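*Asks:* Return a 3D structure for these sequence lines:
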Amino acid sequence: MSVTHAFTSAKAQGGDTTLVGPNQWNDVHVIALVDADIPATIARDAEVTSSIATHAAAADPHTDYLRESAGGVIGSGDAQSMYNATTAQLLGILSGTAAAPDTSANPLLKVTRTVAVADANLTGDGVEQLAAIQGIGVGTTALAAQPVGVAGMAKHSGTTLGSGGRSPDACGVYGVGRITGSGSGVGIGAFFVARRENDTAAMTGVEVHVANYGTAAGAWNATGYNGSTGLWITAGGNADGAAAITVGNPFSRRFKVGLGFNAQVSGGLTGGVADSSIRDDSSSTISLDIRGSHTYGLDLQNGTYSVSAIRLPNNKIIVARNAANNGDINILYMNTSNNLVIGEGVTANSVYMAQGFNMADGKSILCGSTSGMKIGTATTQKLGLWNTTPVVQPTAVTDASGGAVIDAEARTALNGLLAKLRTVGLIAA
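*Replies:* Numbers count the residues shown, from 1 in each chain. From the prediction side, this is the model:
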């Protein structure tokens, strides 16, 4: 054991070597202790004495102790790697081998910190001052790759399912943010910030990369977990959550596009989605609920569609809210006979044509054979044929009668014609 004086003498060394001078005072003093020097009150027991003796006699007495030399290792086991074989520059921690894996239900390294730092001692959100562990990777201008502050990696080859829903997954990073007691903060499992300080750099808050090195493409599962998913969001606890994804504006800045699917070309493929950009197999009350203030609620003008801009299911009605906003009015649908039905079930209302109605050449207006159809619902409504000025229903024309010369056949024919005109309402009865 070595000790030094807390006070360092600044006097010059004298020439008398028989005296203790400043050099001897400031030097490291070596003190040798034997068992007899240890008081009985702290005397080592036999087990401690044996452990010390075994450690001192070992060829490398520091096998399980932290080394100060480069590449030091704590513990023993297989040196694992993910993609590239690397070794620790300063310190490595090993535990377990393939033949003798670690079976302890405890972490290799655990760091806990209970904090009560004064608010005046914090800057920003306090992340650097309040961290239990902080990893910072700094790249110089000579680095042609990205520095990494913390790399979490895991791999697994097991197939056995555990109890309680545990599955043989591999989780590289697991984050939990938990508010306990009567706390009023936000439990944040992970917080990521991407920042650029010039206009030549780019930013990505979180990059999620799914690499399928199997031979089969991932398949969509409409009723459960998909085996190939970029982002899997679930709700838990005792009550429902508010929103799975929210795009907000707490820092007075906005995105140009809230949810975008670009047309990047790679490997001969355009875009990152093959089938459905957005798909809803849920049973939510409303699939797409558009609110707020917009110029257009749904704008399809800039798209290119090989078949149709919109496709509607058969026999499903499109409705609109009534003027009182207390009910829906049927607008149109395609029925099971492939007939376009407009305004079915609408009472005391009509289909209002703001512009003219243009029938395609060679087509007909089909009328029902049971109750039929009316053109005009009141005699005061005006109607004109072949570009004549519309007029109300013409007044009644009496049957032919009287006169000195009577042509019975002509009179009968004329009265029959008048009757037919009255029947269809072209003249009043």
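*Asks:* domains for the protein, by residue range?
*Replies:* 1-58, 307-354, 378-429 (automatic domain parsing).
*Asks:* Let's have those domains in a markdown table, adding mean neighbour count.
*Replies:* Heads up, the C-betas are built off the backbone N, CA and C, glycines and all. Putting the domains of the chain into a markdown table (neighbours: other CB atoms under 10 Å) gives the following:
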| stretch | mean neighbour count |
| --- | --- |
| domain 1-58 | 9 |
| domain 307-354 | 10 |
| domain 378-429 | 10 |
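*Asks:* Nearest to Gly165, out of those?
*Replies:* domain 307-354 (37.1 Å; CB to CB).
*Asks:* and the domains of the chain, which one's lowest on average pLDDT?
*Replies:* Among the domains of the chain, domain 1-58 has the lowest mean pLDDT, at a mean of 68.
*Asks:* pretty sure Thr204 contacts Phe192?
*Replies:* No: if you go by CB atoms under 8 Å, Thr204 and Phe192 don't touch, sitting 9.2 Å apart.
*Asks:* rewinding a little: make JSON lines out of the domains of the chain and add distance to Arg113.
*Replies:* JSON lines is the format used below for these (distance: least, CB to CB, whole Å):
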{"stretch": "domain 1-58", "distance to Arg113": "31"}
{"stretch": "domain 307-354", "distance to Arg113": "56"}
{"stretch": "domain 378-429", "distance to Arg113": "85"}
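*Asks:* Not counting residues beside it along the chain, what's closest to the most centrally placed residue in the chain?
*Replies:* The centroid of the chain falls nearest to Ile245 when counting by CA atoms, centre = their mean (5.3 Å). Nearest residue to Ile245, sequence neighbours excluded (CB to CB, 6 or more residues apart in numbering): Ile233, at 7.2 Å.
*Asks:* For burial, what's the neighbour tally of the one you found?
*Replies:* Using other CB atoms under 10 Å, Ile233 has 9 neighbouring residues.
*Asks:* got it, and Asn221?
*Replies:* 12.
*Asks:* swap in the one 4 residues further on?
*Replies:* Each residue near Tyr225 was counted by other CB under 10 Å, and the total is 8.
*Asks:* correct me, but it touches Trp232?
*Replies:* Yes: in this structure, Tyr225 is within contact of Trp232 by CB under 8 Å, at 7.0 Å.
*Asks:* For the stretch 251-400 of the chain, which segments count as strands?
*Replies:* 265-266, 269-270, 318-321, 328-334, 340-342 (DSSP state E, counting those that start in this stretch).
*Asks:* hang on, the earlier thing: show the pLDDT at the residue nearest to Ile245.
*Replies:* 95.
*Asks:* and if you look at Tyr65?
*Replies:* 49.
*Asks:* still on that earlier bit, as a markdown table, the strands of the stretch 251-400 of the chain with distance to Val138 would be great.
*Replies:* Shown next, in a markdown table, are the strands of the stretch 251-400 of the chain (distance: least, CB to CB, whole Å):
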| stretch | distance to Val138 |
| --- | --- |
| strand 265-266 | 31 |
| strand 269-270 | 37 |
| strand 318-321 | 59 |
| strand 328-334 | 61 |
| strand 340-342 | 67 |
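*Asks:* quick one: which of those strands is nearest Ala120?
*Replies:* That would be strand 265-266 among the strands of the stretch 251-400 of the chain, by CB to CB, at 51.3 Å.
*Asks:* Please name every helix or strand in contact with that closest one.
*Replies:* Helices and strands touching strand 265-266, as assessed by 3 or more CB pairs under 8 Å, 6 or more residues apart in numbering; DSSP states H and E, are absent.
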